[in-house]
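Trainee: pasted the sequence and its predicted model underneath.
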Amino acid sequence: MLKKNLAVTAAVAGAIALLSIPALTVAAKGKPVQVANDGRAKCYDCHDEVKALKEGSKHAKLSCKVCHDKLDAHMSDPEKNKPVTLIDAALCGKCHKSQYDSFFEVNYEAPARKEKGTPTGRSPMQDKLLAGHGFTFEHDEPRGHAFMVIDQFAVDRFQGGRFQFKEGWKGVTSTGKTWDVLTDTGKKLPETAMAGNATCIQCKTSDHLLKWKFMGDKDPRAKWDRSSNVVDVAKDTNNPLGCVHCHDPHGTQPRVVRDALIQAVEKDPKGNIFAKNGATDLKVIDFRGFRKIGVMQKTDSRMMCAQCHVEYNCNAGTQWSDGKPVKYDDIRTNHFPLKNSLQLLKHYQELNFFDFKHAITGARLIKFQHPETETYAGSVHDKAGVQCHQCHMPKHKGKDGKMFSTHGVIRPKNHVKEACLGCHPKDSVAKKAYEIDAVQNYVKGKMRKAEYWLGQLIDTYAAAQRMGVSPAVLDEARAKHEEAHVLWEYWTAENSDGFHNPDLARESLTGSIAASKAGVKILNDAMTVAKKDEPKK
Amino acid sequence: MLKKNLAVTAAVAGAIALLSIPALTVAAKGKPVQVANDGRAKCYDCHDEVKALKEGSKHAKLSCKVCHDKLDAHMSDPEKNKPVTLIDAALCGKCHKSQYDSFFEVNYEAPARKEKGTPTGRSPMQDKLLAGHGFTFEHDEPRGHAFMVIDQFAVDRFQGGRFQFKEGWKGVTSTGKTWDVLTDTGKKLPETAMAGNATCIQCKTSDHLLKWKFMGDKDPRAKWDRSSNVVDVAKDTNNPLGCVHCHDPHGTQPRVVRDALIQAVEKDPKGNIFAKNGATDLKVIDFRGFRKIGVMQKTDSRMMCAQCHVEYNCNAGTQWSDGKPVKYDDIRTNHFPLKNSLQLLKHYQELNFFDFKHAITGARLIKFQHPETETYAGSVHDKAGVQCHQCHMPKHKGKDGKMFSTHGVIRPKNHVKEACLGCHPKDSVAKKAYEIDAVQNYVKGKMRKAEYWLGQLIDTYAAAQRMGVSPAVLDEARAKHEEAHVLWEYWTAENSDGFHNPDLARESLTGSIAASKAGVKILNDAMTVAKKDEPKK
Amino acid sequence: MLKKNLAVTAAVAGAIALLSIPALTVAAKGKPVQVANDGRAKCYDCHDEVKALKEGSKHAKLSCKVCHDKLDAHMSDPEKNKPVTLIDAALCGKCHKSQYDSFFEVNYEAPARKEKGTPTGRSPMQDKLLAGHGFTFEHDEPRGHAFMVIDQFAVDRFQGGRFQFKEGWKGVTSTGKTWDVLTDTGKKLPETAMAGNATCIQCKTSDHLLKWKFMGDKDPRAKWDRSSNVVDVAKDTNNPLGCVHCHDPHGTQPRVVRDALIQAVEKDPKGNIFAKNGATDLKVIDFRGFRKIGVMQKTDSRMMCAQCHVEYNCNAGTQWSDGKPVKYDDIRTNHFPLKNSLQLLKHYQELNFFDFKHAITGARLIKFQHPETETYAGSVHDKAGVQCHQCHMPKHKGKDGKMFSTHGVIRPKNHVKEACLGCHPKDSVAKKAYEIDAVQNYVKGKMRKAEYWLGQLIDTYAAAQRMGVSPAVLDEARAKHEEAHVLWEYWTAENSDGFHNPDLARESLTGSIAASKAGVKILNDAMTVAKKDEPKK
């Protein structure tokens, strides 16, 4: 059962291009490699890129059979018989037990089904401000990697709410295989949306690593592509992201696998948000035009986390230029801008893509994902060289007495000692918690103001439209809405309430307020004029 | 003083009809009864229904004099001299000390005067959504049985706020006799309502058990009836509900005394919400056409709690058919539907009764009470045979070392171990608390959305009316308001934030949202047309 | 450095008028004074008012040199060489260590930058209700005396946000000298206001005691006056209020120094809010027409705290009578009404002063400060003789083992034992906390209702204006806004959520609701008439 669900035939593995991967392992540094006598030499005859990754690495002692099945058949007829590659995290967990266990431990500090659109949520006015978008049906605060697939599928905005917990509400704490926990009712529930697509799932799981071509393009070798039926892909998804998303299984090198991230970094190798002194440490390896991975010499968790914790576009949309639809055959439906809230409106206008129109003003709007990486880039902590894992995956002592990085990603606010005091040893937990709180209080204040003013803009637009102010005026106000929206909504999607970059939050949110106020003024001025022109009562 | 306030002359007791109560006690099961030699035999000469309840029961050993005064005079001239019946819980508390003490212990976890109409309350938008109804003046979260009478009288919506705490705010923790704690200022305060009626008090106290005819009809033997002056009844009310509401004092049988509940169960004995396999365990005993009680063989706390924890109508209102008032002489002012939120609009339309008109839309609306019972009916827990007391009145060890059911009804969320782990022994407190939280988070999310859309409907109605859209369109939108309201408001009155029945909550609240959206669309469409017909500016 | 920043040349000290201060000290009670042989006799030759305060007092043993520098030069030529007076609290703290340390201890229970205008804040709807006022840019909950200057300068509404924390967000817990913690960026940030004036700073610091003439009038001897450039005054401000605000440094007598308080008490010596039996214990001493101080025989912390914890006017505004501006040359820009919310609209109308016009309705509104004193006056606790310090500065045991009044003013709710049980010894902490909570719950409920109705009034005003209802109707509604505003806004500025005087809160807030409802009705009625007069569609 486990093998059936999680192993994938290595249609692709056999097709890996011959590549030189200089300096990836100790072995590569000129020492002669003494290959173990377990049959791997024969594998290396065809797969020398694997050899380059593996030999000399911490995984060098592992036989190929640890992660690959049906090797004998493969050897006998390589083209006909593809080997099976096991990518279940449980296999890694046999050795890396503390990491594995911490990944799947339920974090009771992160509540389930916590709607952002409530007075104390992160986006109290979203029903008005996102009117017309699927997230208005259910938009929950996140609760950790163990639930990232299950929660994505069970949420009311995903495919009409057809996927439900098998055990009802008791299932909400289950962290097993997706389809042990969920069931497909096949029924559309009322007040749900049909969101979901093949690409968005690639950020939630590693299950499709070998079934998905680079960028999700169609290919006979790829089981799934951008235009695949989302329900079919969902049903083939059994695990949240696995170890292999960030760790190369052959050689334990830190790596990234998410295609649109690799594409974005390659597009701007010197100026991207990860580059220090005009470069990053990422070596991109192209596997025969099918997939790419990016391997690092040294862990840069900013890039590893950026595989998901970014604003990205994965859904169909519309063009600014002519209002024509952008469908899944279009590469723009798998796209990482790697830009922050101040830059994104321009970016999406240049990309000629927007997500949805606001139900009342008709403004062309973007719904953001979780742009933690872009937010963090350039912050005080980023400039000081701090990476994501230092605050979110601090070292703990495992049951075996050894220190390990917790893979149940923590909320630093609840674990100030582990998250902050390593770098700030002179400060108290109370002081650091208080400072975090201060930043978040301030930013939340600005968010609530930005929402108030967006609400005013929308309501005033409706009034102006009813009063019959001219289309030209409405257009002008709508443009202000488009501007104000992007500068605000980004922060309801970002998960730090501004802590990752308070200066950016302040600049962006006050920019949103100013744009909304300008829009309100345009409309009010026009209504005053319209009023004057009416016959007196 | 205690006797004066709490004892009632047994005008009615003497008039109890001769009834066979088969199988109510062990004694009734054919064993010969050995009646104690304490004079009771003479009582039994006339009161054999008391004998049937008492002999063989746990109270068999108690002399009649324990609860009845002036028996000698009564014996000498039964018609002229009525005995006095003591129904003060303090009397029961002499033996049932742990139960009694727990009932009156202040639960500091349940705050006082906590207005539901605040951003973190259960009904943040009620001032708009209930505009025109008395609950907008003060609508507090409940805080337990010990305060049920005092809080009912002291709230700003009750009789103009004339009843105030004698000791001011220090009085808010006093659990004594009503009129030791409260005082009648005789003054109407600003921004208060004149709510309150004789019937609603029958759900808060047992004081009037022998002074109130079945259904509150007028009768010379009844001191109070449905149309009695509420201030007079209030001043004669000194206690919250007593032991006798749920426990027959003669024989300790589980019982119910609330008239409209008994009526509703009798109306549909096979199909009512308590029936399992087409029947309930309730034997209804009619006391000479004056009162009825319902006695059970086995505790069914669903029925005992349903004496109050239901939607019921106790106030005057208006007819749907002709807009004529329904006054207290009408039996519809003491009515239990025993139906859930999906069924209640139809029910009240068929009953030809509504509570109030919305101040802005004129929609004919219902204000619900606390429909926990109807909500729970058919839920996962109900189907599993769980009753109210198992979660809300778990066993504790008393000061005397004996286990007892706590009668200070608990909030399971704060006492997960006692409330949940008895049935779910393999789960942790953290897990169960997390699951409860998840359900409530989800349902609160839907409530806030339902409120947002009702607000949109009301605001859009006002705009449409100002714009002069046709009465036919307004009528259509108003009907949507009536539908959406019932499906929502029920959940602000129900005290579990959906936990009692998450499926029903989801269905009902999304139904509310859909109805509101439909109403908004009707109005917006009409306004768009109206706009087109206007002369251009 | 410390001396440079905090000492002030005693331009004024030398000019103190010869005054008799009867009965201020024990010495004054007729005993012959034995003056210490430390040179002070020579000081007393000119400064006998100092002698009257000092001799016989607890500070009698201190030489004049403890707090004054450059005395020799002064003696040699008193007119040319002014002595230096040290008023830094650190000097006092050398002896009064526990008091000093507690004053500057960071209270982590009081969060920083907590915006009132959020759903759980004290004024969730302020962006609409205060539209047009600078407090809408940032309006934080207070966090204690140690931060009163820093927070005032760093807030977004103060001088365009030009003053920022030197260390960024880490600076938010620093309690040092103002300009060690803050820096002047010289830049105006977006979405900030230009609030701040020389007078408001006088309530935050004691630094200018000797540089500010009574009432802030211009004078050659005064470095600063009401019309001084606020940035210049700010840059000369290095400390929050010092010991000398409440304690006379010469003789330790309880005292007050805030000019507008002294003026207000003097205006109505018998009827002011502090007077008991037609008098207060305040002796006002006029220093040669330059300054006044008020000295008490016995501590009355109501007056000491009233130096800041009152509604006062310190900013420029406008006249009701003719709409003309009131500028800083006008004495009304340094004014304490010492009246409560029920009296203040009338007071300000008679004073012919208002703060700002509402952006939507044009109503002439007041923005209140922190009127704790006026609120407390006449409350149950005030009548019982309880003063501010008994609840807010209870006795603690210091590190030296001695009991002292904590000068890190506490929030009684978090320290019920210390704050309440001294007077209520029979009650439990749980009970008292519950009662406080009940009062605040109730008052918060009323505040949220008052806000809802003000919001309705504003929105309905906008609709009516767009519909073209007559100016006369709009004027009438606007007057209702003016009335409703004062009765509400006061409570968002007051820091007890009504606990200081629940009866006043109830009366005021329900008055606000009634006024708003009346305004809404006026507008709705006019719109209904206007609608009827329109041509049918």
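Mentor: Nice, I can see it. Numbers count the residues shown, from 1 in each chain, chains lettered A, B, ... in the order given.

Trainee: before we move on, which element is A:A464 in?
Mentor: Under the assignment given by DSSP states H and E, the secondary-structure element containing A:A464 is helix A:429-467.

Trainee: mind checking what helix or strand follows that helix in sequence?
Mentor: Toward the C-terminus, helix A:429-467 is succeeded by helix A:471-493 as the next helix or strand (DSSP H and E).

Trainee: in that next one, what counts as buried?
Mentor: By neighbour count with 16 or more other C-beta atoms under 10 Å in any protein chain shown, helix A:471-493 contains the buried residues A:473-474, A:477-493. Where C-beta positions appear, they are placed from N, C-alpha and C, glycine not excepted.

Trainee: residues in chain A within reach of chain B, list them.
Mentor: For chain A, the contact set with chain B under C-beta under 8 Å from any C-beta of the partner chain comprises A:106, A:108, A:111-115, A:117-120, A:127-128, A:136, A:138, A:140, A:168-170, A:172-173, A:189-191, A:462-463, A:465-466, A:468-470, A:530, A:533-534.

Trainee: repeat that for 7 Å
Mentor: Applying C-beta under 7 Å from any C-beta of the partner chain, one finds that chain A approaches chain B through A:108, A:111-115, A:117-120, A:127, A:138, A:168-170, A:172-173, A:190-191, A:466, A:468, A:530, A:533.

Trainee: among the residues you listed, which ones are buried?
Mentor: Restricting those to buried positions leaves A:108, A:111-115, A:117-119, A:127, A:138, A:169-170, A:172-173, A:191, A:466, A:468, A:530, with burial counted as 16+ other C-beta under 10 Å.

Trainee: so which of those residues reach chain C?
Mentor: Restricting these to those near chain C - C-beta under 7 Å from any C-beta - leaves A:P119.

Trainee: what about the buried ones among the residues of chain A next to chain B, which are in helices?
Mentor: Judged by DSSP state H, the subset of these located in helices is A:127, A:466, A:530.

Trainee: residue of chain A closest to chain B, please.
Mentor: Ranking the residues of chain A by distance to chain B (C-beta to the nearest C-beta) places A:E115 first, at 2.8 Å.

Trainee: end to end, how far does stretch A:389-400 reach?
Mentor: The first and last residues of stretch A:389-400 sit 22 Å apart, counting by C-alpha to C-alpha, to the nearest Å.

Trainee: close to chain C, is it?
Mentor: No: in terms of C-beta under 7 Å from any C-beta, no part of stretch A:389-400 sits within range of chain C; the closest distance is 14.8 Å.

Trainee: and the average pLDDT for that stretch is what?
Mentor: Mean pLDDT, computed over stretch A:389-400, is 95.

Trainee: likewise for stretch A:117-136?
Mentor: Along stretch A:117-136, the predicted local confidence has a mean pLDDT of 98.

Trainee: likewise stretch A:349-356?
Mentor: In this model, stretch A:349-356 has an average pLDDT of 98.

Trainee: same check on stretch A:190-208?
Mentor: Along stretch A:190-208, the predicted local confidence has a mean pLDDT of 96.

Trainee: and stretch A:519-531, by the same measure?
Mentor: Within the predicted structure, the mean pLDDT of stretch A:519-531 is 93.

Trainee: I would like the residues contacting it, please.
Mentor: Among residues not part of stretch A:519-531, those counted as contacts by C-beta atoms under 7 Å, 6 or more residues apart in numbering or on different chains are A:456-457, A:460-461, A:464, A:467-469, A:473, A:476-477, A:480-481, A:484, B:537, C:466, C:468.

Trainee: swap the cut-off to 6 Å and go again
Mentor: Contacts of stretch A:519-531 with the rest of the structure, by C-beta atoms under 6 Å, 6 or more residues apart in numbering or on different chains, involve A:456-457, A:460, A:464, A:467, A:469, A:473, A:476-477, A:480-481, B:537, C:466.

Trainee: return the closest of these with respect to A:A518.
Mentor: Nearest to A:A518 among the contacts of stretch A:519-531: A:K480, at 5.2 Å, using C-beta to C-beta.

Trainee: which element is the nearest residue to the closest one once chain neighbours are set aside on?
Mentor: Here the nearest residue to A:K480 in space, its sequence neighbours aside, is A:G519; by C-beta to C-beta, 6 or more residues apart in numbering or on different chains that works out to 3.1 Å. Using DSSP H and E, the element containing A:G519 is helix A:502-533.

Trainee: buried residues in that helix, which are they?
Mentor: For helix A:502-533, using 16+ other C-beta under 10 Å, the buried residues are A:502, A:504-520, A:522-524, A:526-527, A:530.

Trainee: spit out the contact partners of A:D156.
Mentor: With contact set as C-beta under 6 Å, 6+ apart, A:D156 has these partners: A:137-138, A:192.

Trainee: ok, those vs chain C, which is closest?
Mentor: A:E138 (19.8 Å).

Trainee: quick one, what contacts the closest one?
Mentor: Counting by C-beta under 6 Å, 6+ apart, the residues that A:E138 touches are A:155-157.

Trainee: 8 Å instead?
Mentor: Neighbour list for A:E138: A:113, A:115, A:155-157, A:192, B:445 [criterion: C-beta atoms under 8 Å, 6 or more residues apart in numbering or on different chains].

Trainee: could those residues be laid out in TSV, adding distance to C:I366?
Mentor: Conversion of the contacts of A:E138 to TSV gives the following (distance: C-beta to C-beta, whole Å):
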residue	distance to C:I366
A:R113	44
A:E115	38
A:V155	48
A:D156	46
A:R157	46
A:T192	49
B:G445	39
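
Trainee: nearest to chain C, of these?
Mentor: Of all the contacts of A:E138, A:E115 has the smallest distance to chain C: 13.8 Å, by C-beta to the nearest C-beta.
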